[in-house]
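Trainee: Here's a sequence, model it:
(one chain, ligands or ions: 1)
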Amino acid sequence: MDQLTIEGGHRLRGNIRVSGAKNAALPVLAATLLTGGTFSIRNLPRLRDIYTFKRLLTDLGVTIEETDASTDRNAPVLEVDSTSLKSYEAPYDLVRTMRASILVLGPLLARSGRARVSLPGGCAIGARPIDLHLKGLELMGARLKLREGYVDAKARRLKGAQIYLDIPSVTGTENLMMAASLAKGTTIIKNAAREPEIVSLGEMLNKMGAKIRGLGSDTLTIEGVDDLSPVDWEIMPDRIETGTFMMAVGASGGELILDGCMPDHLQAVISKLRSTGLKIDISGRSISVSKKGQLKSVDIKTAPYPGFPTDLQAQIMVLMALSGGLSVITETIFENRFMHVAELRRLGANINVEGRSAIIKGVKDLKGAPVMATDLRASACLVLAGLAAKGTTTISRVYHLDRGYEKIEEKLSRVGAKILREKTGQLF
Ligand code: UD1
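Mentor: As a prediction, the model looks like this:
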């Protein structure tokens, strides 16, 4: 098992190129199940979740070949041939390690009329049910049975339906949008999620021949078609990775230029970070961030896009822990996403949790200590805290981090951080 050792207190300076977005890449990979033929996918991040999803696809019969990096970004190009599927089952062993495996349900059912996908079960940051995915598919005529921990779905051909999502679920919207693309008739999804990754998936589906209108709004109209075709596609830049590096400047000081990102996708984050006193300049697809003086405290409430993303809540808490005042961070998306609080306290942060809010009283500095990563974004928060803290911080269980951050220690080391990955020999 790997751990990271960080010597805090070093300013960051230089350029970092942002990787392809995990949360855009996973639905794009799932969409390759909708039709036979070979897709060419560029700018995929090298992440544990992407490897898990590739394994899921190959188990289903998809052939995947990685060609050498052909772009300056050094990201592999994937040739994905989904002509002959040999299975329609996503097994528990894979689904339990990555909830997003549920994204194969809609495409498999729409293309093969059959899907058997393990229920994801609980996860560290909350219950995270999939009832909205299932309800939508049922409205489209799928026959669903829940047995032995699996959802067993059948449909001769899905049909268009009017679907209202009680909550604008991201993967729920993606699953239903993919399924509806091949349904007979028109589907309208109301209260759909509006995240940029959904827009990107919809644009890919439209390039494949789907007829989706309303992308980026809360109402999607999907006119089903009989066939889709494979396409070449480039994964959009990761807005959460971009935001994490912007906040790294808030934690350690210095100045970073983040290249190859989409500043438009980060408006809520940029606005909050400017209120903390960070200086942020945007030039095309680059963002420059610098820190001058003490951080100011701000209140933050997570919300579906275009609100402040829950996936950056843990990271901005580090900045508030070091701010000059009192701030309240309210988590409205997931009910149990404050596990990083106990670890930040070990570093000297003054944080109390009351229900869905964390009340943070800024302290002068954090002090290095051993801490443990509990989930993906919590691990990123601990890396930022380690960069800021005086002395040495060791973070164990960094496999969580590897699910969603590509070579984070290499990227940070190149811009001045002192951060080292080591194998501990410990199993846990
Ligand atoms: C996606 C992102 C994840 C991000 C989250 C919220 C991917 C692969 N993952 O996760 O990084 O943190 O959006 O921005 O894109 N819910 C239900 N029933 C459902 C589905 C969801 O009650 O059927 C609830 C969840 O428990 C949660 C809320 O809706 O409280 C939002 O979840 P959702 O948008 O579905 O998150 P994911 O798509 O799993």
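Trainee: How is this protein partitioned into domains?
Mentor: The record's domain parsing of the chain by automatic domain parsing lists 2-19+237-423, 22-234.
Trainee: Tabulate the ones you listed (JSON lines), appending mean neighbour count and mean pLDDT.
Mentor: C-beta: built from backbone N, CA, C; applies to glycine. Listed next are the domains of the chain as JSON lines, based on neighbours: other CB atoms under 10 Å; pLDDT from 0 to 100:
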{"stretch": "domain 2-19+237-423", "mean neighbour count": "20", "mean pLDDT": "96"}
{"stretch": "domain 22-234", "mean neighbour count": "19", "mean pLDDT": "93"}
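Trainee: Quick one: closest of those to the ligand.
Mentor: domain 22-234 (3.2 Å; CB to the nearest ligand atom).
Trainee: does any bit of the closest one sit next to the ligand?
Mentor: Yes. Judged by CB under 6 Å from any ligand atom, domain 22-234 comes into contact with the ligand at 23, 26, 99-100, 126-133, 167, 169-172.
Trainee: out of the residues you listed, which are inside helices?
Mentor: 23, 26, 131-133, 170-172 (DSSP state H).
Trainee: Please list all residues in contact with Thr187.
Mentor: 140, 160-163, 176, 180, 220-222, 224 (CB atoms under 8 Å, 6 or more residues apart in numbering).
Trainee: swap the cut-off to 10 Å and go again
Mentor: For Thr187, the contact set (CB atoms under 10 Å, 6 or more residues apart in numbering) comprises 136, 139-140, 158-163, 176-177, 179-181, 212, 220-224.
Trainee: ok, now Phe39?
Mentor: 28-29, 31-32, 62, 64, 78-82, 204, 208, 229-233.
Trainee: Mind doing that once more with 8 Å?
Mentor: 32, 78-82, 230-233.
Trainee: now Pro27
Mentor: 100, 103, 171, 174, 178, 197-198, 201.
Trainee: Could you single out the nearest of those to Gly284?
Mentor: Glu197 (21.2 Å; CB to CB).
Trainee: do you know how far that closest one is from Gly307?
Mentor: Per CB to CB, to the nearest Å, Glu197 is found 15 Å from Gly307.
Trainee: How about Val371?
Mentor: For Val371, the distance to Gly307 - CB to CB - is 28 Å.
Trainee: Just give the nearest non-adjacent residue to Lys418, would you?
Mentor: In this structure, Lys418 finds its nearest non-sequential neighbour in Glu7, 3.9 Å apart by CB to CB, 6 or more residues apart in numbering.
Trainee: what helix or strand does the residue in the chain sticking out farthest from the centre sit in?
Mentor: Note on the chain: the largest C-alpha distance from the chain mean falls to Arg156, namely 32.7 Å (CA atoms, centre = their mean). Assessed by DSSP states H and E, Arg156 sits outside every helix and strand.
Trainee: who's in contact with it?
Mentor: Gly113.
Trainee: close enough to count as contact, Glu66 and Val77?
Mentor: Yes. Shown here, Glu66 and Val77 form a contact pair, counting by CB atoms under 8 Å, at 7.3 Å.
Trainee: Ala192 should be in a helix, yeah?
Mentor: No. The assignment for Ala192, made by DSSP: H, G, I helix; E, B strand; the rest coil, is coil rather than a helix.
Trainee: Need the phi and psi values for it.
Mentor: phi -70, psi 150 (degrees, to the nearest 10).
Trainee: I figured it hits Pro168, correct?
Mentor: Yes. Ala192 lies in contact with Pro168 (CB under 8 Å); the separation is 6.2 Å.
Trainee: Check whether Ala342 sits in a helix, strand or coil.
Mentor: Going by three-state DSSP: Ala342 is helix.
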